[in-house]
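Colleague: Give me coordinates for this.
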Amino acid sequence: MTDELLTLERAAAQFVTRFSADDIDGATMKALKALIKDQFAIQIGASQLPWSRQTLAFRKPQPGKSTITGEQTKASAVDAAYMNASYGHGFEYDDFLDNAHPGCAVVPAAFAIGEEIGTTLEETIVALVAGYETYVRIGRLGSPAILNVGWQPHSVFGNYGAAAIAAKLYGLNEEQTFHALAIAHSHASGPTEYASTGGSIKRVHAGICVRNGIESAGLALAGLTGPRRFLTGDRGLYKLFTHQTVTDEAAAIFRPETANLMPGLSFKPYCCCAGTFPFIEAMERFQGRADQIDHVDTRIQTMTDSIVGTRNAQIYHPRNIEELQYSLPAQMALAVLGHGNGYRAHRAFLEGRLDLGEGSRALDMTRRMKLTVAPELNKYPYFVADVTVHFKDGTTEHYFQERAKGSPAKPYTAAEHQQKLDELTADVISKDQSDRLFAMLDEMRPDRPVSEVTAELVPAA
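Modeller: All right, here's what the predicted structure looks like:
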């Protein structure tokens, strides 16, 4: 079969089975090291949050060989991956590419399975990158339409990424891998109503899709099959979730010469939806002048409106942490008032130390942000901010912000990223442990047992 005759679905399966260490170039390796460090730090920090503890109590993990971050007892790979993915997606602080969050699916899946079967770091990261690329390449063909319809892209695409990793590490052949990906289609789900009316279940979306992906590979290994047109069929992924048609011409995205997408990922400098980031940076410019502001005209893209804008019921009066993290006006208010938009600020709100109630200065400023959807801004494939600040003295200032810190265009410095990692890990593991963890990942010695890395995710007894 020639490449020209490949279906998109078959091309994806071939990509997974043929991917090797030789396909991880220098740019991908650099991004990979930063990704794993970022994801592990978030897992460590979020492991202690209320919904994380509630999820662990519900899950009652089965005994096994894999590490659950922060826990002394080992669990089955699927349970460890479920919990670690839920932690990794647990506080709106994880990496993103396009409109999805690959890291919180692929890192937990690869390391949990790798620890279970005793892989080396090289074997683990080959599967991890194969899964990441499968996730984001399938995802790119459906973005941003899937988000605009109302689905969380991660909850949909993560199933395929985790299935690819499990198929790779468990040694499935091409036909079995094809069916693992096809079976994953039956698990794809995840509405974004949490952005409008709250709900901590969003924190577990990553755990759900990782569990589904791993079990999809298990079902394929047992002999079950899935639909051959799970992506491009009339009831395949793209028609159902994006209301668009994708043809087999898109199989070119899986050609061997196609550059890896991982180097294009972004890390979060703020602990909220990435759609707010350029607006946060725009409003930070006006700190110290907040009391002079009458109102702010805020022009937003359709995809911004879909997740942090007028489609959400509580943007002008967020009542819980989910609504706050998905309220563009509230995040702009926190920025201009100098409260900050990071981990500590959102922990303060969660713990009742940051007031957004009636009569508060923060809520008053939130209501000064006026949102208008501007379709002409949709030409930008990334989030942008267009704000005009109206002052009480009748003057105005306009500011247009492209990109945000943490993106490839405005990358973290090593010191800035380390500050984020230290902030997340300091209350759970020792500084010596975090230093050892990050040093091993920087070194990325190919023959190191993956269990030596995961051992540092648990506080010393």
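Colleague: Centre-most residue in this structure?
Modeller: Most central in the chain under Cα atoms, centre = their mean is His101, positioned 2.1 Å from the mean C-alpha point.
Colleague: Residue most distant from the centroid, this structure?
Modeller: Extreme point of the chain relative to centroid (Cα atoms, centre = their mean) is Asp393; 42.2 Å.
Colleague: Once you drop chain neighbours, what's closest to the residue nearest to the centre of the chain?
Modeller: In space, and not counting its chain neighbours, His101 is closest to His154: 4.4 Å by Cβ to Cβ, 6 or more residues apart in numbering. No exception for glycine: its C-beta is placed from N, CA and C like everyone else's.
Colleague: hang on, isn't the one you found packed against Val106?
Modeller: No - if you go by Cβ atoms under 8 Å, His154 and Val106 don't touch, sitting 11.0 Å apart.
Colleague: So the two - more neighbours on which side?
Modeller: Shown here are His154 and Val106; by other Cβ atoms under 10 Å, Val106 has more neighbours (34 against 28).
Colleague: what's near enough to touch that one?
Modeller: Residues in contact with Val106 (Cβ atoms under 8 Å, 6 or more residues apart in numbering) are Leu128, Gly131, Tyr132, Tyr135, Gly161, Ala162, Ile165.
Colleague: hey, where'd the helices end up in the stretch 301-450 of the chain?
Modeller: 302-308, 321-325, 328-337, 343-350, 361-366, 414-425, 431-443, 450-454 (DSSP state H, counting those that start in this stretch).
Colleague: In a markdown table, list those helices along with distance to Leu265 and mean pLDDT.
Modeller: Converted to a markdown table, the helices of the stretch 301-450 of the chain look like this (distance: least, Cβ to Cβ, whole Å; pLDDT from 0 to 100):
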| stretch | distance to Leu265 | mean pLDDT |
| --- | --- | --- |
| helix 302-308 | 18 | 94 |
| helix 321-325 | 20 | 96 |
| helix 328-337 | 22 | 98 |
| helix 343-350 | 19 | 94 |
| helix 361-366 | 30 | 98 |
| helix 414-425 | 13 | 94 |
| helix 431-443 | 16 | 96 |
| helix 450-454 | 20 | 98 |
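Colleague: closest to Gly142 out of those helices?
Modeller: Taking Cβ to Cβ, helix 302-308 is the member of the helices of the stretch 301-450 of the chain nearest to Gly142, at 12.6 Å.
Colleague: Mind giving me the packing neighbours of that closest one?
Modeller: helix 145-149, helix 328-337, strand 369-373 (3 or more Cβ pairs under 8 Å, 6 or more residues apart in numbering; DSSP states H and E).
Colleague: which of the ones you listed is buried the deepest?
Modeller: Among these, ranked by average contacts under mean count of other Cβ atoms under 10 Å, first place goes to helix 328-337 (a mean of 26).
Colleague: Give me the distance from that one to the chain's centre.
Modeller: Distance of helix 328-337 from its chain centroid, counting by Cα atoms, centre = their mean, to the nearest Å, is 22 Å.
Colleague: Which is the succeeding secondary structure element to the host helix or strand of the residue nearest to His101?
Modeller: Taking DSSP states H and E as the definition, one finds His154 inside helix 153-169. With elements assigned by DSSP H and E, the helix or strand that comes after helix 153-169 is helix 174-184.
Colleague: Compute the inter-axis angle for the helix holding His154 and helix 174-184.
Modeller: Using axes from the mean of the first three to the mean of the last three Cα atoms, to 10 degrees, one finds that helix 153-169 and helix 174-184 are set 160 degrees apart in direction.
Colleague: And helix 153-169, what's buried?
Modeller: 153-169 (16 or more other Cβ atoms under 10 Å).
Colleague: and the nearest residue to Arg311 once chain neighbours are set aside, how far is that from Ala374?
Modeller: Here the nearest residue to Arg311 in space, its sequence neighbours aside, is Asp305; by Cβ to Cβ, 6+ apart that works out to 6.0 Å. Distance, Asp305 to Ala374, using Cβ to Cβ, to the nearest Å: 9 Å.
Colleague: between those two, who's got more neighbours?
Modeller: Under the neighbour definition other Cβ under 10 Å, Asp305 and Ala374 were set side by side, and Asp305 has more, 20 against 16.
Colleague: shouldn't the residue nearest to Arg311 be in contact with Pro375?
Modeller: No - Asp305 is beyond contact range of Pro375, at 10.0 Å (criterion: Cβ under 8 Å).
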